[in-house]
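Asker: sequence? don't have it. structure:
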């Protein structure tokens, strides 16, 4: 949706697949003019750049399913957290000798074209392939190339980052409400304050510490408030959060790498787990849910 | 702008009522600056204990406060707070409109000083800190009703040799106490803790202490000389995933920033309370 609105790619050049055609995301995509199919294979055949937008545990199964249809021209872009380039290349190499793989980490604000995206190119992906992806993702926010080993840190910071911001905004709004503001106004003002501050930082040469100082008049309201934040260990909490998210990403990746149980057993366990999980609004998890809830599943 | 008062000519006679550590620090700075010859400086104190050091510098000494006032134009009051009222009563008859009276006495406001001195007296109040004794002090001063630009400029010019010397509204003086007067003690505490950390990791104490002190000195020097924001300088030291950021995380976990803010606040509030007594 984001890429199409950005005008970088015409909607009819985009194909999306999901076995469940009743999802709200599906009708939304259709309205935009995106080609829709229930066949993952058809999606692969009609695409040059293939975004794998399923949840990480599903990736191995998707790769096995579409592997035979992957050709040398395809650029396979995985957005799945914790799934390494080498694991994807390994799976695809049984079908295609030199699969072009790019690993990508983005975040939800791509929806409003203010995403933060990083990508790392695989063994057989050329510079132009990376640049193509960069061009696409830059239309929906900031996009830059990184070494793959930094992607976990990026997950901790900007991948999970919006959640930290939403939490902060919820609390800020509570503060506003406590001091007498109507909720809607409090939310609006809080969000605008963070948006404005972020914009100032991005457009300024100055260090955030300096920008903070610029707001704090001596003995004023802001410095009193900041003292409370410091007393609560605000900074260390944020550092802890980024660290925890990064470490957890690595843990999940490590677990995924250990394929000790039989594929069939994994599939069954995942199936049950997936059914229990409540669907989120992202396209990625919607695909995940639909893959297994439709009884007339392709496989 | 140089004041009209003859500063570098031998005509400026400087007196100190009270000759303790702080006064000693200031006089060393004055002499270092070469603006006032030692023979033009007269200090009084009840006993000879402190005065020996002054004589060694070439200053004149006396046990008579009145003599200091009679023979000086610029008079520094450097007694202990509880002694001051008595001293002011004693010297009041000798204070004239040509005098410039500068009080170093902690917690005694300009209002109090002016109340206990003749109404025409040019009064200034200064709050130095301990490193004045090594000419690396931080001083702030405020002027009373009769002290003008000339007196302020004179004081600033004479004392800049002791370190940083800035004029401020009197309300900042208690804050300065919390920040820099007491602040040196916070730094000593931090230096001690740094060294202890090093000792824990296996370094001998004496070496650790010297390195800790040099680290603080060096960091402070960079701050002062580059004029950069401390946050920026901090960021410059932090290589991604490196030792410094790991250590800083520990400091943040300990809410060091808030604790330091609390300390400055506590000392400032205490200074305010004490001044009211």
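Answerer: Cool, got the structure. Not measured: the values here are computed from a predicted model.
Asker: If we ignore the residues flanking it in sequence, what's nearest the one residue in the stretch 151-299 of chain A that gets nearest to chain B?
Answerer: Chain B sits closest to residue A:209 of the stretch 151-299 of chain A, with a gap of 2.6 Å, by Cβ to the nearest Cβ. (Each C-beta comes from the backbone N, C-alpha and C, glycine too.) Among residues not flanking residue A:209 along the chain, residue B:231 sits closest, at 2.6 Å (Cβ to Cβ, 6 or more residues apart in numbering or on different chains).
Asker: likewise residue A:60?
Answerer: The shortest distance from residue A:60 to any non-neighbouring residue, by Cβ to Cβ, 6+ apart, is to residue A:91 (6.3 Å).
Asker: How many residues are close by residue B:265?
Answerer: Other residues near residue B:265 come to 13 when the count uses other Cβ atoms under 10 Å in any protein chain shown.
Asker: actually residue A:18, sorry about that
Answerer: By other Cβ under 10 Å, neighbour count at residue A:18 equals 26.
Asker: isn't it right up against residue A:26?
Answerer: Yes. In this structure residue A:18 lies within contact range of residue A:26 using Cβ atoms under 8 Å: 6.1 Å.
Asker: Which strands or helices does the strand or helix carrying the residue nearest to residue A:209 pack on?
Answerer: Assigned by DSSP states H and E, residue B:231 belongs to helix B:230-237. Packing contacts for helix B:230-237, counted by 3 or more Cβ pairs under 8 Å, 6 or more residues apart in numbering or on different chains; DSSP states H and E, involve helix A:208-215, helix B:205-226.
Asker: Which residues are in contact with residue A:228?
Answerer: Applying Cβ atoms under 8 Å, 6 or more residues apart in numbering or on different chains to residue A:228 gives no contacts.
Asker: Return the distance of the residue in the stretch 101-250 of chain B that chain A sits nearest to relative to residue B:211.
Answerer: Relative to chain A, the nearest point of the stretch 101-250 of chain B is residue B:231 (2.6 Å; Cβ to the nearest Cβ). To residue B:211, residue B:231 is 24 Å away according to Cβ to Cβ, to the nearest Å.
Asker: Over to residue B:274?
Answerer: Distance of residue B:274 to residue B:211, computed by Cβ to Cβ: 36 Å.
Asker: and the top helix by length along chain A, how far out from the chain's middle?
Answerer: Longest helix in chain A, counting residues (DSSP state H): helix A:234-257. Relative to its chain's centre, helix A:234-257 lies at 15 Å (Cα atoms, centre = their mean, to the nearest Å).
Asker: Tell me which residues are up against it.
Answerer: A:56-57, A:81-84, A:87, A:152-153, A:155-157, A:159-160, A:164, A:229, B:249, B:252-255, B:257.
Asker: Same question for stretch B:197-205.
Answerer: Contacts of stretch B:197-205 with the rest of the structure, by Cβ under 8 Å, 6+ apart, involve B:195, B:208, B:211, B:212.
Asker: Report the separation between the two terminal residues of that stretch.
Answerer: In stretch B:197-205, first residue to last residue: 10 Å (Cα to Cα, to the nearest Å).
Asker: for it, what is the average pLDDT?
Answerer: Per-region confidence: stretch B:197-205 scores 94 on mean pLDDT.
Asker: Quick one: residues contacting the closest residue to residue A:17 other than its chain neighbours.
Answerer: If the residues on either side of it in the chain are set aside, residue A:17 comes closest to residue A:43, at 4.1 Å by Cβ to Cβ, 6+ apart. Taking Cβ under 8 Å, 6+ apart, we find residue A:43 in contact with A:15, A:16, A:17, A:37, A:50, A:66.
Asker: does residue B:165 count as helix, strand or coil?
Answerer: The assignment at residue B:165 comes out as strand when based on DSSP: H, G, I helix; E, B strand; the rest coil.
Asker: ok, it touching residue B:155?
Answerer: Yes. Counting by Cβ under 8 Å, residue B:165 touches residue B:155, with 7.5 Å between them.
Asker: Now the common contact residues for those two.
Answerer: Common contacts of residue B:165 and residue B:155 (Cβ under 8 Å, 6+ apart): residue B:141.
Asker: Can you pull out the low-pLDDT segments for chain B?
Answerer: Along chain B, the model assigns pLDDT under 70 to residues B:1-10, B:277.
Asker: What about it, which residue is the most distant from its middle?
Answerer: residue B:241 (40.9 Å; Cα atoms, centre = their mean).
Asker: Can you check my assumption that it lies in a strand?
Answerer: No. Residue B:241: not assigned to a strand; according to three-state DSSP it is coil.
Asker: what sits against it?
Answerer: Shown in contact with residue B:241 (Cβ under 8 Å, 6+ apart): no residues.
Asker: which residues of chain A fall in helices?
Answerer: For chain A, applying DSSP H gives helices covering A:2-5, A:24-31, A:40-45, A:59-66, A:85-93, A:127-138, A:151-154, A:161-178, A:183-203, A:208-215, A:221-231, A:234-257, A:263-276, A:283-293.
Asker: looking at those, which is buried most?
Answerer: With neighbours taken as mean count of other Cβ atoms under 10 Å in any protein chain shown, the helices of chain A reach their highest mean count in helix A:151-154, at a mean of 23.
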